[in-house]
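Student: build the 3D model from these lines:
(chains A and B)
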Amino acid sequence: MVIYSVYVVNKAGGLIYQYDNYVPRAEVEKTFSYPLDLVLKHHDEKVVVSFGQRDGIRVGHAVLSINGVDVIGKNTSDGKDILEYLKDPSNYPVSIRFGRARLSSNEKLMLASMFHSLFAIGSQLSPEAGSSGIEMLETDVFKLHCFQTLTGIKFIVMADPRQSGIDALLRKIYEVYSDFALKNPFYSLEMPIRCELFDQNLKSALEVAEKAGNFGAGS
Amino acid sequence: MTVHNLYIFDRNGNCLYYNEWNRKKQAGISKEEEFKLMYGMLFSIRSFVSKMSPLDMKEGFLSFQTSKYRLHYYETPSGLKFVLNTDLSVTNARDTLQHIYSNCIVGNTSRGKNDAASLGGCVCVHSVISNPTEKHTANKQLETHTLVFAHT
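Tutor: Just a heads-up that it's a prediction; the model follows:
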């Protein structure tokens, strides 16, 4: 029963705060010999598996490290292009670690803005009058909850589908935001939140919610 | 328990079928634009979900809800997309949508009627509130009766 992350989006759709509480990293490291039976390709500045799913390495997984050394984008840490490196038989046997690619901060910014728009479209396409935007989005792996305040700030929480008590958590995060971000004299509205007390209190609110959620889900 | 409307899209984004039963508010744009907006929203949601997801997904996006309605989504491996808008009391319409696919669409295409017009003409979904004492309903589930009109 886990809360994965929290995002706070301002009125204009820009991300002003992001916190990853729990990042499950399912990574697989294997040693390969020439020729590589996976098909890799460049995608979004990363090298990604496009064909040849096997042994926990799925399509869409990115190359995270080669021979124990983390890669930088499309290149190895020495600056060599990964695909070129893997075409050369003299570099084998090679140990490659695959896993879900981590989101860069730019990608998080884009995704938060994307959700801001989807929230509004959900309200526009409503078959009933007076509908709000998307308050809860469900997938088989996570549930995304969104609370929009009267001032247009959105608090977004991504959690396990079975986690309960998220509505209370969203209200609590709003309270923490009012107390430690808005009342901070050095904080400007709609700007990224850089308040230590906000971080601390948010973390403790998440801990409380996770524990309470466990009791709720178990009974 | 109300069903508002149903959309069926093919893998290219063309709306193959649309019907509404209880729609209280129109979108304020033409039907063609509404279909495009709906398809675009779903495409974006699917892409958003696949990037945001902390773990590898099997089925992906299932549904979303707002304060007034819930949108259920089902996609077949052939790229056919089913979108059902209901009120908030329906928690899981995935089986219903799967039932529509396997009985109405697969049944008709196997008889050779697989163009968009015949699909639109043939399928009519009539929803009935299920009997709460049925053995497999823990929550209320939507039971659908499908009426297939003969295509002339």
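
Student: show me which residues of chain A sit near chain B.
Tutor: By Cβ under 8 Å from any Cβ of the partner chain, the part of chain A that sits against chain B consists of A:4-5, A:22-24, A:26, A:58, A:60, A:100, A:103, A:107, A:111, A:114-115, A:117-118, A:121-142, A:144, A:158. (Glycine included, C-beta is placed from N, CA and C.)

Student: can you give me the strands in chain A?
Tutor: Remark: strands assigned in chain A by DSSP state E are A:3-9, A:15-20, A:27-32, A:39-43, A:46-51, A:62-66, A:69-70, A:94-99, A:136-139, A:143-148, A:154-159.

Student: can you give the distance from the longest one to the centre of its chain?
Tutor: If I follow you right, that is strand A:3-9. Offset of strand A:3-9 from its chain centre (Cα atoms, centre = their mean, to the nearest Å): 8 Å.

Student: who are the packing partners of that strand?
Tutor: Counting contacts by 3 or more Cβ pairs under 8 Å, 6 or more residues apart in numbering or on different chains; DSSP states H and E, strand A:3-9 is packed against strand A:15-20, helix A:105-124, strand A:154-159, helix A:166-177, helix A:196-218.

Student: and the angle for the longest one with strand A:154-159?
Tutor: Going by axes from the mean of the first three to the mean of the last three Cα atoms, to 10 degrees, helix A:196-218 is angled at 50 degrees with respect to strand A:154-159.

Student: can you tell me the average pLDDT over helix A:196-218?
Tutor: Helix A:196-218 comes out with an average pLDDT of 85.

Student: distance check, the most far-flung residue of chain A relative to its centre against chain B.
Tutor: Farthest-out residue of chain A from its mean C-alpha position, per Cα atoms, centre = their mean: A:Ser90, at 37.3 Å. Remark: distance between A:Ser90 and chain B (Cβ to the nearest Cβ, to the nearest Å) = 33 Å.

Student: before we move on, what's the pLDDT of that residue?
Tutor: For A:Ser90, the pLDDT comes out at 86.

Student: relative to A:Ser126, how far out is it?
Tutor: Distance from A:Ser90 to A:Ser126, counting by Cβ to Cβ, to the nearest Å: 61 Å.

Student: coming back round to it: can you list the helices and strands packed on strand A:3-9 in TSV and add distance to B:Ile45 and mean neighbour count?
Tutor: Formatted as TSV, those follow (distance: least, Cβ to Cβ, whole Å; neighbours: other Cβ atoms under 10 Å in any protein chain shown):
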stretch	distance to B:Ile45	mean neighbour count
strand A:15-20	18	19
helix A:105-124	6	17
strand A:154-159	14	25
helix A:166-177	19	18
helix A:196-218	25	16
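
Student: tell me which of those lies nearest to B:Tyr39.
Tutor: B:Tyr39 lies closest to helix A:105-124 among the helices and strands packed on strand A:3-9, at 11.3 Å (Cβ to Cβ).

Student: who touches the closest one?
Tutor: Outside helix A:105-124, the residues that touch it by Cβ atoms under 8 Å, 6 or more residues apart in numbering or on different chains are A:7, A:9, A:13-15, A:18, A:103, A:131-134, A:144, A:146, A:148, A:154, A:156, B:27-28, B:37, B:41, B:44-45, B:48, B:51-52, B:64, B:66, B:71.

Student: just the buried ones from these, in ChimeraX syntax?
Tutor: The ChimeraX selection below is limited to those of these classed as buried (16 or more other Cβ atoms under 10 Å in any protein chain shown):
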select /A:7,9,13,15,18,103,131,132,133,134,144,146,148,154,156 /B:27,41,45,48,51,52,64,66,71
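
Student: mind checking how far the residue farthest from the centre of chain A is from A:Tyr34?
Tutor: 9 Å.

Student: again, but for B:Thr76
Tutor: From B:Thr76 across to A:Tyr34, the span is 40 Å (Cβ to Cβ).
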